[in-house]
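Visitor: Got a predicted structure here, sequence first:
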Amino acid sequence: QIQLVQSGGGLVQPGESLTLSCAASGICLQYYSIGWFRQVSGPKREPISCLSSRDSQSYYEDSIQGRFTISRDNVKNPVYLQMNSLKPEDTAVYYCNANDGLFEFWGQGTQVTVSS
């Protein structure tokens with residue numbers, strides 16, 4: 001069974017950091033483009049960052065540019081979202097996504113709450 005399992009969410013104060021991880025079983029994430037999405041309210045998940053499997057180019061949505069970093073460990077398989085200088089408006093459920101153009105998989109989601 002193919003699964004993406006997330007970890008690393010939680011409650012932090014503004015200005016603090018968190019690292020989200022997304023580990024896969026049944027597939028090798030090295031061959032997938034990876035995206036991180038977040039859901040604030042309602043069903044829509046907004047893409048905030050992605051990392052291409054073909055050329056390792058990364059993309060960041062404007063509100064997180066310079067604060068978040070997407071990366072992958074091709075040896076150990078997981079992908080990460082390092083989140084620095086967190087703001088209350090970063091509060092959301094975060095999801096990882098793996099896509100190879102044919103198949104798409106989602107993590108279970110992890111809550112990140114930024115509050116003083």
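Guide: All right, it came through fine.
Visitor: what's in contact with stretch 14-22?
Guide: Residues from elsewhere that reach stretch 14-22 (CB atoms under 8 Å, 6 or more residues apart in numbering): 4-10, 12, 29, 34, 36, 78-88, 94, 96, 98, 107, 110, 112, 114-116. C-beta here means a position set from N, CA and C on the backbone, and glycine is covered the same way.
Visitor: With stretch 30-47 instead?
Guide: 20, 22, 48-54, 61, 68, 70, 72, 74, 77, 79, 81, 90-100, 105, 109, 112.
Visitor: For PyMOL, write a command that selects the buried ones of these.
Guide: Buried residues within the contacts of stretch 30-47, by 16 or more other CB atoms under 10 Å, are selected in PyMOL with:
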select buried, resi 20+22+48+49+50+51+53+68+70+72+79+81+90+91+92+93+94+95+96+97+98+105+109+112
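Visitor: Mind checking which of the contacts of stretch 30-47 are in strands?
Guide: 20, 22, 48-51, 68, 70, 72, 79, 81, 92-99, 105, 112 (DSSP state E).
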